[in-house]
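# Following is a predicted model, sequence given first.
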Amino acid sequence: MDPNQKIYDMSVSQKQTVEIIKVLYRGADILILDEPTAVLTPQEADKLFNVLRNMRDDGKAIVIITHKMHEVESLSDRVAVLRQGRYIGDLRTAETDAQEMTNMMVGHAVELNIDRPDPVNAKPRIEVKDLTVRNEDGILKLDGVSFTAYSGEILGIAGISGCGQKELLESIAGLHPVERGSVSYIEDDGTREELIGKDPLKIADMGVVLSFVPEDRLGMGLVANMNLADNMMLRSFRHGRFVFTDRRTPYHVAENVVSELDVATPSIATPVRRLSGGNVQKVLVGREITQAPSVLLTAYAVRGLDINSSYTIYDLINRQKAAGVAVVYVGEDLDVLVELADRILVLCGGKVSGIVDGRRTDKRELGMMMTQIGGGRHA
């Protein structure tokens, strides 16, 4: 590493290396890492794991918190399992497998396979051309991005954190100003409607049912001080009669979401701010899916969820796909992206590095494309 390099000029993996050097310099014998690979490519994660193995061999004690079973299997010597804040037990990693660990985490047997049915009667639904976007500070986040999302398909979006995923979804949803380019909604008969320059209300008035699960679940997705039913009503309050809102329907929607997604809440009247992060995410995802959208945009839909809940969300997303919805799925777990998505668009430095077939790629190819513009093939 270059000792004169500024921290803000470093990659995420370089910053993590600096953090580790800091604690070693201070003479730490115990290192605790909380989800250290969440924003790393597979290649960067391998480098980090090599450093951790060397530290272990040097007599350091390392605790790594992660929900990725393959990381537990490849790195750890022992694994301790927690469930709902309780210690369930520990195992020697060499004597267990991902299925057993998952069953202990959840409390019952869990099927770890993600279904990926082939798209049926896929038609162009969202066409993005030459999309160029800057953030609030004027920094270029998307540079000439073009792609098409099809009905009955899951289009995965991969990229290092901060590579424009947030701005991409918000631009399509009418929540972020666009410097250049177009976003077209295409009907089954080929009719096109331009979405750029329209806010979410105008997009809805056009008859486009677009659901959006944002990255910031409480800042943008839900109102923390409102209860579950009222947060559901944010999507339907305009459907009441005259000046009166319909409160009965949102209450039933909230009941269904709590039941289907197993939301842990004292009651429907509980303010969302009193729920755990994972349960807040379930409420947000459940609300958006119940809108019967034609386009579903999701940013880190399973962030903060346990494995059982995550697979429930994957199943719900696949049901949307089977119903003909065009799903755009931004995810940080490349293993899941490779299993779930039909096609995967890779962003690198705000540009499209490539679009690959989810059935014919692997996470290492995606990792290379995430750090090298133009390194992939198109599908």
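Received it, and whenever you're ready, just let me know what you need.
# all contacts plus neighbour counts: C-alpha atoms, from now on.
Fine.
# give me the low-pLDDT residue ranges for the stretch 251-379 of the chain?
Within the stretch 251-379 of the chain, the ranges that satisfy pLDDT under 70 run 373-379.
# Going by residue numbers, what spans are strands in it?
295-299, 326-330, 343-348, 351-357 (DSSP state E, counting those that start in this stretch).
# So for E71, which of those sits nearest?
strand 326-330 (21.0 Å; CA to CA).
# Mind pulling the model confidence for the nearest residue to G367 once chain neighbours are set aside?
Once flanking residues are discounted, G367 sits nearest to T41: 5.0 Å by CA to CA, 6 or more residues apart in numbering. Per-residue pLDDT puts T41 at 78.
# Please list all residues in contact with V208.
Y185, S294 (CA atoms under 8 Å, 6 or more residues apart in numbering).
# State the helix or strand in which it lies.
Assigned by DSSP states H and E, V208 belongs to no helix or strand.
# For the residue lying closest to K321 once chain neighbours are set aside, give me its contacts.
Residue nearest to K321 in three dimensions, not counting chain neighbours: G152, with 4.5 Å by CA to CA, 6+ apart. By CA under 8 Å, 6+ apart, G152 lies in contact with 119-123, 320-327.
# would CSV of the residues you listed with distance to G304 and neighbour count be doable?
Compiled in CSV, the contacts of G152 are given as follows (distance: CA to CA, whole Å; neighbours: other CA atoms under 10 Å):
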residue, distance to G304, neighbour count
P119, 29, 16
V120, 31, 13
N121, 34, 10
A122, 32, 17
K123, 33, 20
Q320, 22, 24
K321, 23, 26
A322, 26, 19
A323, 27, 16
G324, 28, 21
V325, 25, 25
A326, 24, 27
V327, 21, 28
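# Helices - which of these land there?
Those of the contacts of G152 mapping onto helices are Q320, K321, A322, per DSSP state H.
# residues contacting the residue nearest the centre of the chain?
With distances taken as CA atoms, centre = their mean, Y300 lies nearest the centre of the chain, 1.6 Å away. Residues near Y300 by CA under 8 Å, 6+ apart: P214, E215, Y329, V330, G331, E332.
# same deal with E215?
Under the criterion of CA under 8 Å, 6+ apart, the neighbours of E215 are K166, T298, A299, Y300, A301.
# just to revisit the earlier point, okay, the contacts of G152 in TSV with distance to G286 next?
Shown next, in TSV, are the contacts of G152 (distance: CA to CA, whole Å):
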residue	distance to G286
P119	23
V120	24
N121	26
A122	24
K123	25
Q320	12
K321	15
A322	17
A323	16
G324	18
V325	15
A326	17
V327	15
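# Which single one of these is nearest to S294?
Nearest to S294, judged by CA to CA, of the contacts of G152 is V325 at 4.8 Å.
# So the closest one versus I157, what's the distance?
16 Å (CA to CA, to the nearest Å).
# now do D205
28 Å.
# more neighbours, the two?
Remark: of D205 and I157, I157 carries more neighbours, 23 against 9, as counted by other CA atoms under 10 Å.
# Tell me where this structure has helices.
Under DSSP H, the chain gives helices at 12-25, 42-57, 69-75, 98-106, 165-172, 200-205, 228-233, 248-261, 277-289, 307-322, 334-340, 363-371.
# relative to strand 343-348, how tilted is the fifth one?
Orientation note: helix 165-172 sits at an angle of 120 degrees relative to strand 343-348 (axes from the mean of the first three to the mean of the last three CA atoms, to 10 degrees).
# So what touches helix 165-172?
Helix 165-172 has contacts (CA under 8 Å, 6+ apart) with 133, 135, 141-142, 157, 159, 176-178, 183, 195-196, 214-215, 297-299, 330, 347.
# Show the buried residues in those residues.
Taking 16 or more other CA atoms under 10 Å as the criterion, what is buried in the contacts of helix 165-172 is 133, 141-142, 157, 159, 176-178, 183, 195-196, 214-215, 297-299, 330, 347.
# R192 contacts M206, doesn't it?
No: R192 is beyond contact range of M206, at 11.2 Å (criterion: CA atoms under 8 Å).
# Of these two, give the one with the bigger neighbour count.
Neighbours were counted for R192 and for M206 using other CA under 10 Å; R192 has more, 15 against 12.
# got a list of what that one touches?
Contact analysis of R192 by CA under 8 Å, 6+ apart lists S184, Y185, I186.
# got it, and V213?
G221, L284, V285, E288, L296, L297, T298, A299, A301.
# out of the residues you listed, what pair is the most spread apart?
Using CA to CA, the contacts of V213 span at most 14.0 Å, a distance reached by G221 and L296.
# pLDDT below threshold where in the stretch 1-150 of the chain?
Looking at the stretch 1-150 of the chain by pLDDT under 70, you get 12-13.
# on that earlier part again, G221 and L296 - which one has more neighbours?
A count of neighbours by other CA under 10 Å puts L296 above the other of G221 and L296, at 24 against 21.
# Next one: the more buried one from E339, what distance?
Per CA to CA, L296 is found 19 Å from E339.
# repeat for S309
S309 sits 17 Å away from E339, going by CA to CA.
# higher neighbour count, the two?
Of the pair S309 and E339, S309 is the one with more neighbours under other CA under 10 Å, namely 19 against 16.
# ok, how many other residues are close to the residue lying closest to that one once chain neighbours are set aside?
The shortest distance from S309 to any non-neighbouring residue, by CA to CA, 6+ apart, is to L261 (7.0 Å). The burial count assigned to L261 is 19, neighbours taken as other CA under 10 Å.
# What of L140?
By other CA under 10 Å, the residues close to L140 number 16.
# now the residue nearest to K321: how far from A204?
Distance, G152 to A204, using CA to CA: 21 Å.
# circling back to that earlier point, please check the contacts of R192 and keep the buried ones.
By 16+ other CA under 10 Å, the contacts of R192 give S184, Y185, I186 as buried.
# picking that back up, from the contacts of G152, pick the one nearest A61.
A61 has its nearest neighbour among these in V327, at 42.9 Å by CA to CA.
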